[in-house]
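# only geometry, no sequence info:
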């Protein structure tokens with residue numbers, strides 16, 4: 001049995017090594033002194049597939065496996081890939097936690113290990129206003145989209161933090177968006193005693209201000225979060241989910 005790298009992996013390793021030597025190595029002192037990576041290097045990493053390497057192409061990543069990501073991490077050095085098993089502001093929760101750990105002086109490897117533990121604490125879900133964009137992207141049939149729109153159904157999309165971040169359809173709400181959002185927030189937060197109250201994100205694809213403020217008010221009914229942070233979803237999420245998609249993303253103990 002051959003446990004060595006295959007040809008694709010060897011070529012990938014050489015590509016990353018060439019990039020590191022040509023683009024990063026000459027600017028190490030600058031990066032260290034400024035404590036930031038120059039945007040042109042970030043753009044080069046994106047072109048090569050070094051940003052979100054194991055995220056599927058369907059969701060805007062490079063679609064690599066973990067072996068390829070590990071090869072890249074080894075070549076670049078002092079990099080520890082972490083699969084957030086989430087998306088959008090769900091990953092944002094982990095980024096904020098990572099920043100807090102960096103500020104506390106934790107070593108990078110320990111931060112990565114802690115993020116892997118914390119990813120199962122992130123609750124992420126969204127309400128879709130329409131299935132038309134899912135239909136256009138091939139993620140549901142035209143018949144399903146037509147039926148949902150006819151019946152004014154607005155499904156919740158849940159991210160399974162215990163199964164690698166797989167997304168599935170949850171409760172199907174019915175009615176006007178205001179009524180649906182009120183029920184959705186109640187279902188997410190009411191009666192819970194396991195909430196981490198540092199922050200909660202209201203992430204949306206350009207929803208009207210009244211939707212965001214309604215959800216903010218509903219959140220305050222059920223929990224006293226230190227921060228309630230509205231954010232705009234990425235282009236990837238927005239193009240797949242369509243306008244007026246909205247979710248609340250938080251962490252549990």
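Thanks, I have it. For clarity, every value in this text was computed on a predicted model and none was experimentally measured. Numbering: from 1, shown residues only.

# count of neighbours near the residue nearest to residue 19 when sequence neighbours are not counted?
Distance criterion Cβ to Cβ, 6 or more residues apart in numbering; nearest residue to residue 19, sequence neighbours excluded, is residue 48 at 5.8 Å. In this view, the C-beta of every residue, glycine as well, is placed from N, C-alpha and C. Counted with other Cβ atoms under 10 Å, the neighbours of residue 48 add up to 17.

# quick one: contacts for residue 48?
15, 16, 19 (Cβ atoms under 8 Å, 6 or more residues apart in numbering).

# just put those in JSON lines and tack on pLDDT.
Shown next, in JSON lines, are those (pLDDT from 0 to 100):
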{"residue": "15", "pLDDT": "91"}
{"residue": "16", "pLDDT": "91"}
{"residue": "19", "pLDDT": "91"}
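
# and which of these is nearest residue 127?
Using Cβ to Cβ, residue 16 is the member of the contacts of residue 48 that lies nearest residue 127, at 39.8 Å.

# need the contact list for that closest one.
48, 50, 71, 72, 75, 76.

# is there a quick ChimeraX command that grabs whichever of the residues you listed are buried?
In ChimeraX, this line selects whichever of the contacts of residue 16 come out buried by 16 or more other Cβ atoms under 10 Å:
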select :48,50,71,72,75
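
# and the furthest pair within the contacts of residue 16?
Spatial extent of the contacts of residue 16 (Cβ to Cβ) is set by the pair 48 and 71 at 12.4 Å.

# tell me which helix or strand the nearest residue to residue 126 once chain neighbours are set aside sits in.
Spatial nearest neighbour of residue 126, chain neighbours left out: residue 247 (3.5 Å); criterion: Cβ to Cβ, 6+ apart. Assessed by DSSP states H and E, residue 247 sits inside strand 246-252.
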